[in-house]
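*Asks:* Below are the sequence and a predicted model for it; my questions follow.
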Amino acid sequence: MITKTYQLETLTCPNCVAKIEGMLKKTKGISTGEVLFNTSRVKATFDESILSSEDIVAKIEKLGFDVLSEK
């Protein structure tokens, strides 16, 4: 398991948070995921043998949010 933090464009509403957290909960391989509204960050712990960091970025961007960086 690995934990990564993704910096997003500024989140403007709680609905944005719910949308991203819903996707994280449904994605196979992610054990925990949370969205930090005040800092516009997503923190996810996932199994690299099932899912890559690039996969998570693609899923976030598919929802309409730009991922600015990851660490």
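*Replies:* Arrived safely.

*Asks:* Which strand residues bridge the most centrally placed residue in the chain?
*Replies:* Most central in the chain under Cα atoms, centre = their mean is V42, positioned 4.5 Å from the mean C-alpha point. Assessed by DSSP bridges, V42 has beta-bridge partners Y6, V35.

*Asks:* was I right about it contacting T27?
*Replies:* No. The criterion here is Cβ atoms under 8 Å, and V42 misses it with T27 at 11.7 Å. Bear in mind the C-beta positions are built from the backbone N, C-alpha and C, glycine included.

*Asks:* Tell me the residues that contact both of the two, please.
*Replies:* Common contacts of V42 and T27, defined by Cβ atoms under 8 Å, 6 or more residues apart in numbering, comprise G33.

*Asks:* now E61, nearest residue through space, not along the chain?
*Replies:* Among residues not flanking E61 along the chain, V67 sits closest, at 6.1 Å (Cβ to Cβ, 6 or more residues apart in numbering).
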